[in-house]
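> build me a structure from this.
(chains A and B)
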Amino acid sequence: EDKVVQSPLSLVVHEGDTVTLNCSYEVTNFRSLLWYKQEKKAPTFLFMLTSSGIEKKSGRLSSILDKKELFSILNITATQTGDSAVYLCAVQGYGNKLVFGAGTILRVKS
Amino acid sequence: DVKVTQSSRYLVKRTGEKVFLECVQDMDHENMFWYRQDPGLGLRLIYFSYDVKMKEKGDIPEGYSVSREKKERFSLILESASTNQTSMYLCASSLSTEQYFGPGTRLTVT
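This next block holds a predicted model:
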């Protein structure tokens, strides 16, 4: 059975801190790994990673995939209160289905 | 921009009622998905569809059915609502890997 595990489940940081969110997976026929950010409503897409070792970057957010060790990290530097959200990791195996982790709840205090 | 809409943001139903949740996407996507999201469990796939009149069971289909009569519309049906179906329901659509989510329907069954 395909499985995605995220850690930590939740964390609280202060503005300006750097955070690292983890995602490990076991999936048959891995095709890609996706990160989403979910505030009060719909998850919004952040990154899709398909190749090991290639960092994807968007502003203060970056992510990298290790297909040998079966994990990905999402880094957020210089955190702001607007980064407070649930961060979801999902893995695509066979077909177009995604398997999601439980999410990491991030709270950034001012 | 892709737009995925869901018929209700909040819904309260009684045990035993038949419940319809509607989802509409405006980007001509082939794939549509229904998830439920519960604290600590992440998003779990209920049903998905790759084409009109086509449906496949996800990981937790029990107690649910779906209908896809038109490409843009995917309906989730709770034949006889139960209290353990109280949850946030998210609809998504995709062309390939990246899924676009609707705002969610928070269903409470009393």
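> make it CA atoms for all contacts and neighbour counts henceforth
Noted.
> look up the closest residue to the closest residue to chain B within chain A, ignoring the ones flanking it.
Nearest residue of chain A to chain B (Cα to the nearest Cα) works out as A:Ala102 at 3.6 Å. Of all residues not flanking A:Ala102 in the chain, B:Gly42 sits nearest, at 3.6 Å (Cα to Cα, 6 or more residues apart in numbering or on different chains).
> residue contacts, the residue nearest in space to the middle of chain B?
Taking Cα atoms, centre = their mean as the criterion, B:Trp34 is the residue nearest the geometric centre of chain B, at 3.2 Å. With Cα atoms under 8 Å, 6 or more residues apart in numbering or on different chains as the criterion, the residues that contact B:Trp34 are B:45-48, B:76, B:89-92.
> same deal with B:Lys53?
Remark: with contacts taken as Cα under 8 Å, 6+ apart, B:Lys53 is in contact with B:67-70.
> for PyMOL, what selects the buried ones among these?
Here is the PyMOL command that picks out the buried ones among the contacts of B:Lys53, judged by 16 or more other Cα atoms under 10 Å in any protein chain shown:
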select buried, chain B and resi 67+68
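> so which of the contacts of B:Lys53 sit within helices?
Secondary structure defined by DSSP state H assigns none of the contacts of B:Lys53 to helices.
> of the contacts of B:Lys53, closest to chain A?
B:Arg68 (17.3 Å).
> that closest one against B:Tyr50, yeah?
No. Taking Cα atoms under 8 Å as the definition, B:Arg68 is not a contact partner of B:Tyr50, at 9.7 Å.
> please report phi then psi for A:Leu74.
For A:Leu74, the backbone dihedrals are phi -120, psi 120 (criterion: degrees, to the nearest 10).
> name the helix or strand for the residue nearest to it when sequence neighbours are not counted, please.
Leaving aside its sequence neighbours, A:Leu74 sits nearest to A:Ser63 (Cα to Cα, 6+ apart; 4.5 Å). Secondary structure assigned from DSSP states H and E places A:Ser63 in strand A:61-66.
> mind listing the strands for the chain?
Since you didn't name a chain, this refers to chain A. A:3-7, A:10-14, A:19-26, A:32-38, A:44-49, A:56-58, A:61-66, A:71-76, A:85-92, A:98-100, A:104-109 (DSSP state E).
> my bad, the chain I had in mind was chain B
B:4-6, B:10-13, B:19-25, B:31-38, B:42-49, B:56-57, B:64-70, B:73-78, B:87-94, B:99-101, B:105-109.
> the fifth one: partners in the sheet, and parallel or antiparallel?
Read it as strand B:42-49. Strand B:42-49 has these partner strands in its sheet, going by DSSP bridges: strand B:31-38 (antiparallel), strand B:56-57 (antiparallel).
> pick the most buried one from those.
strand B:31-38 (a mean of 23; mean count of other Cα atoms under 10 Å in any protein chain shown).
> partners of whichever residue of chain B sits closest to chain A in the sheet?
Closest approach of chain B to chain A (Cα to the nearest Cα) occurs at B:Gly42, with a separation of 3.6 Å. According to DSSP bridges, B:Asp38 are recorded as the beta-bridge partners of B:Gly42.
> report the contact partners of it.
B:Gly42 is in contact with A:88, A:100-103, counting by Cα under 8 Å, 6+ apart.
> hmm, 7 Å instead?
B:Gly42 makes contacts with A:100-103, as judged by Cα atoms under 7 Å, 6 or more residues apart in numbering or on different chains.
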